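Student: this one's sequence-less:
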C-alpha cells in the first residue's frame, strides 16, 4: 500500500510513474548483561567493516558551567591512553589502514572506525582502549584547551556559524542546547582535568553506549568481537539528573511569546541571517510533519525559500531550512547568506514564506516532493558504511529505538498537507532572528 | 590526488569488459566509447541502494582567458536551469521528487555534474542528465539571477580564510599559466559576462568528444549502458581543441602576499610548483604529501601542531592536475603573524631534503592511500568521482596502474622529489593576518 502511495504522489509531480525505493534491511539487536546495546548487519562493502560507538556524552547532558566538556574530553581521549600516546594510537591505526573519526552532536558523541575486515580485531582493541583507558595527562588537557579556544575563535569568525549560535542562545534560554558545541571561552578556560575524568567516568558506561557493526563480517562474529572487546566497560547507570531530562527539558526551552532579534557586527563580505523556531524532538508525534515542513520550506533547489529568495528575487546565494534530529526540542532553522545591502529584504522574504505556509493551503504535490526528498536523502545517506552503522545506533541512543531507521520512511510518507499546515501554525509563530555581518 | 586514488583491480576489469572478481562488491565495470566520441563507464555495486550519474566535461578555468575567467563556472551554474523540454526549475523538482539530489563543481581542468538518487531511478536520472547537458536554453533572465548568486558565492569564498588563501596562493605562485586565475573568476569578469558569451563558451567546449558519463551504484550494467547509448548517442557537436598553455617558469625566490583582515586567527599558505599528472614523479609526490600531512601521525601534523605547537590546524596537499600544480600547506596559527609557523615549515623542508622520510613513514603513507582508495570507492558517489576524474584529467590507463605505481615508490624516490620540488628558499606564500591582535 505504502509503495503504491509513493508512486502516485511522485507521479503527480512529474507526470510519470516513479519506481519504488530500495528497502533498508534491519540490523540484529542485542542487549548485553552490562547494559551495552549491540547492533550488527552484514553487507558487502569493498572488504570494509565499520564500527560505530554512540555515547550519550554530549552538550545535552553537560552541567551549567561545563559547556564544551564533551568535545574537550573526546579530544583529550584521542591524545593518549594509559598504555600509548595519541601518536602511537594514530600510528597503530594508520598501520592497519583504519580510520577513526570522533564527532559530537547535541545529544551524542560518535566514535566510528572504518577498517579493512582482515584488521578488525586489533583496530577494535585500539578503539576500546581509547574509550576506556584514557590517561588524561594534564599537559594534554592544556594543549587541547588551547586548540579548542582557537577553534572557538575561528568559529566566531564565520558569520554563518555565529548567526546559528546566536539564535540558539535566544531560543534555548535554560536548556543546554543554548551553548555552542565547543563550549564558551569562559567554560573552556575553567574546565580542569578532574572535571574531564569525572565526566568520562559518569558517561562512558555500558548503559549509555550503543555499538553498531556493519560490513563484511558475519553477524554472530561481529557481535562476539564487540562483546569481547567491550567486556571491561563499566556498567554504572546514567546519572539521575540526565534521566530526568526527558521530562524536564520542555520547561527548559519554552515556546517564546514574541519575536526576538539580535544583530552582531563583523567585517565580512557577506552577511548571514538565521531565524529559528522552537520545534520538537525526534520522538514527538509532530516530528515527521515538522521535518517535511522544513524541507518544503528550505530543503533543496525546489523548496520555497530557494525558489523565491534565491531564484525569483536573487537576494541570497545560499538559503535553506532544516530541522535537525535531536532528542530534545529541536529548532527549525532558516538560514541565508546575503549581500549586506539585502539583509532586510531577504529576511522579510524569508519570513513571508513562513507566513504564507501558515495562512494558505499547501498543495499536495509540493508536500509529496518534500516527503520524497526527506526519505530519499535518508536512504542515500546509508550508502556510506559508516552511516549504515551509525544511524540505527543513533536512533537507539536518541530514545526512539534502532528500528526507527527503517521506519522513518513510513512515518514520513504518512504526512499530509493538512498536517504540514497544522504544525506550521503551531510551531512557526515567534522566530528568534540573528544577523551577522558588516554595518550597512 | 584524492580523486586519483583508484584500485587497479577495477580498471583491469574495465579493460577486460564484463567480469566477476568474486568479491561480491563491484561485480562488473563496463567501459565503452560511443560512435560520437562520448565515453561511458558503468560500475555496478550490487548491494547499493543508490546510483550516481556523474557527467564529466573536459573544461575548466584552464580553458579560460582573462576576459572569460569564470565562464566555466558560470556555465556550470546555468546548465541545470532549464532545457527546451524542461522549463526553469523543473530539473530540480524532478530530481528531488525522485528522492535524489544534484550538484556540480568546477575545477582548473574539469567541470562535472552529478545526480545521486535511489538506484531504482537510474533511467529517469539519465534522461534528466542528458537533457540538461545537451539542450540547455541559457535563459537570459536566469543568467542575470545566477550572476548575482555567483557574485555572492565569490564573496563567501573571500570570507572563508582557508579557501581564500588556497586560491590566492595559486594566483601568487603562477604568473603565466592559467592556473593563476581563480576558478570562479573575479567579480569584475563575472559582472561583465554576457549570456551570449556563456552560450558560446558552452558550444565551444561541450560536445561528446569532451564528455565522460559515469554511472555507479546498484544498477544492471548492460541495461544501463544501453540506456546511456539511447540518451547520449545521438548528440553531435565538434569541440574546440584545448590550447596548450604557457609553461610556468620555476619560482626564483619567496613570492609573498599578505592581507590584513578582520579575523582572529592567522592563516598561512605556502606552495611549491609540483609535477603534472603525466609526469611519473607525481606518484612519489603523492606519497610524500601523505607522509607529511595525512592523519594525526603524519610528520608535519606531529611536529608542527602537536610538538612545536606553532600551528593549530594544518593540511598538506597536492591537487592532481593536467599541468604542474602546487604542493601546498595551509595552516592556522594563534600567533599574530605567520613568521614562526613559516620558519618551522622551512626548517621541516630543509630536514626533508637532507634525510627524506623513514621506511615506517613510507609504509604508513602507502597503507593509508590504499585504505582511502577502498573507502572512497565503497559509495557510488566516490566511485563515480574517481572514475570520472581519472578519465577527464588523466586517462583510464593511468588509473589502472595508479596504486601499483604508488606501491613501487621507494624512499629514494621520495627523497628525490622532495629535493626536486620543495625548496626552503623558493616558494609562494600567502598570509592573512588579524588586523588587531586578539
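Tutor: That came through fine. As the structure is a prediction and not an experimental result, all values here were calculated from the model.

Student: Which positions in the stretch 301-438 of chain B make contact with chain A?
Tutor: Taking C-beta under 8 Å from any C-beta of the partner chain as the criterion, the stretch 301-438 of chain B approaches chain A at residues B:302, B:306, B:309, B:312, B:332, B:334, B:363-364, B:367-368, B:370-372, B:374-375, B:377-381, B:438. For every residue, glycine as well, the C-beta is placed using N, CA and C.

Student: now those: which count as buried?
Tutor: Burial by neighbour count, judged by 16 or more other C-beta atoms under 10 Å in any protein chain shown, picks out B:302, B:306, B:309, B:312, B:332, B:334, B:364, B:367-368, B:370-372, B:374-375, B:377-381 from those.

Student: mind listing which of the residues you listed are in helices?
Tutor: The helices in this structure, assigned by DSSP state H, contain B:364, B:367, B:368, B:370, B:371, B:372, B:374, B:375, B:380, B:381 from these.

Student: farthest-separated two in these?
Tutor: B:364 and B:380 (29.1 Å; C-beta to C-beta).

Student: burial of the residue of the stretch 51-200 of chain B found nearest chain A, as a residue count?
Tutor: Ranked by C-beta to the nearest C-beta, the top residue of the stretch 51-200 of chain B for proximity to chain A is residue B:99, at 1.9 Å. By the criterion of other C-beta atoms under 10 Å in any protein chain shown, residue B:99 has 28 neighbours.

Student: And for the longest helix along chain B, what's in contact with it?
Tutor: Ranked by number of residues, the top helix in chain B under DSSP H is helix B:140-159. Residues lying outside helix B:140-159 but in contact with it, judged by C-beta atoms under 8 Å, 6 or more residues apart in numbering or on different chains, are A:158-159, A:268-270, A:310-312, A:314, A:316-318, A:337-339, B:70, B:73-74, B:77-78, B:81-82, B:88, B:163-164, B:167, B:184-187, B:190-191, B:193, B:195, B:198.

Student: switch to 7 Å and redo it
Tutor: With contacts defined as C-beta atoms under 7 Å, 6 or more residues apart in numbering or on different chains, helix B:140-159 is touched by A:159, A:268-270, A:310-311, A:314, A:316-317, A:337, A:339, B:73-74, B:77-78, B:81-82, B:88, B:163-164, B:167, B:184, B:187, B:190, B:195, B:198.

Student: which ones are touching residue 227?
Tutor: Because you didn't say which chain, this covers chain A. Each residue near residue A:227 by C-beta under 7 Å, 6+ apart is listed here: residue A:32.

Student: wait, I meant chain B there
Tutor: When contacts are counted by C-beta under 7 Å, 6+ apart, residue B:227 is found next to B:123, B:126.

Student: Try it again at 8 Å.
Tutor: For residue B:227, the set of contacting residues under the criterion of C-beta under 8 Å, 6+ apart consists of B:122, B:123, B:126.

Student: Is it in a helix, a strand, or coil?
Tutor: Three-state secondary structure (criterion: DSSP: H, G, I helix; E, B strand; the rest coil) places residue B:227 in helix.

Student: again with residue A:148
Tutor: Under three-state DSSP, residue A:148 falls in the helix class.

Student: Could you pull out the helices in the stretch 301-438 of chain B for me?
Tutor: Remark: helices of the stretch 301-438 of chain B, listed N- to C-terminal, are B:339-355, B:359-376, B:380-393, B:396-400, B:402-407, B:411-421; assignment by DSSP state H, counting those that start in this stretch.

Student: helices or strands up against the fourth one?
Tutor: Right, the one you point to is helix B:396-400. On a contact count with 3 or more C-beta pairs under 8 Å, 6 or more residues apart in numbering or on different chains; DSSP states H and E, helix B:396-400 meets helix B:8-16, helix B:380-393.

Student: how about residue B:232, what does it touch?
Tutor: Counted by C-beta under 8 Å, 6+ apart, residue B:232 has contacts B:34, B:36, B:38, B:40, B:130, B:134, B:208, B:211, B:213.

Student: Repeat the analysis, applying 6 Å as the threshold.
Tutor: Listed by C-beta atoms under 6 Å, 6 or more residues apart in numbering or on different chains, the contact partners of residue B:232 are B:38, B:130.

Student: Return the backbone torsion pair for it.
Tutor: Here the main-chain torsion angles of residue B:232 (degrees, to the nearest 10) amount to phi -110, psi -10.

Student: how close does it sit to chain A?
Tutor: Using C-beta to the nearest C-beta, to the nearest Å, one gets 20 Å for the distance from residue B:232 to chain A.

Student: Against residue B:118, how distant is that residue?
Tutor: With the distance defined as C-beta to C-beta, to the nearest Å, residue B:232 ends up 22 Å from residue B:118.

Student: Equivalent analysis for residue A:26, please.
Tutor: Distance of residue A:26 to residue B:118, given as C-beta to C-beta: 18 Å.

Student: With neighbour numbers in mind, choose between those two.
Tutor: When neighbours are counted by other C-beta under 10 Å, residue A:26 and residue B:118 differ, and residue B:118 comes out ahead with 26 against 14.

Student: Does that one touch residue A:21 like I think?
Tutor: Yes: between residue B:118 and residue A:21 there is a contact under C-beta atoms under 6 Å: 4.9 Å.

Student: Check which strands are paired with the helix or strand hosting residue A:115 and give the direction for each one.
Tutor: Per DSSP states H and E: residue A:115 is located in strand A:109-116. When pairing is defined by DSSP bridges, strand A:109-116 lines up against strand A:48-55 (antiparallel), strand A:99-104 (antiparallel).

Student: Now render the ones you listed as a markdown table, adding mean neighbour count.
Tutor: Rendered in a markdown table, the data for the strands paired with strand A:109-116 read as follows (neighbours: other C-beta atoms under 10 Å in any protein chain shown):
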| stretch | mean neighbour count |
| --- | --- |
| strand A:48-55 | 26 |
| strand A:99-104 | 17 |
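
Student: Thanks a lot, see you next time.
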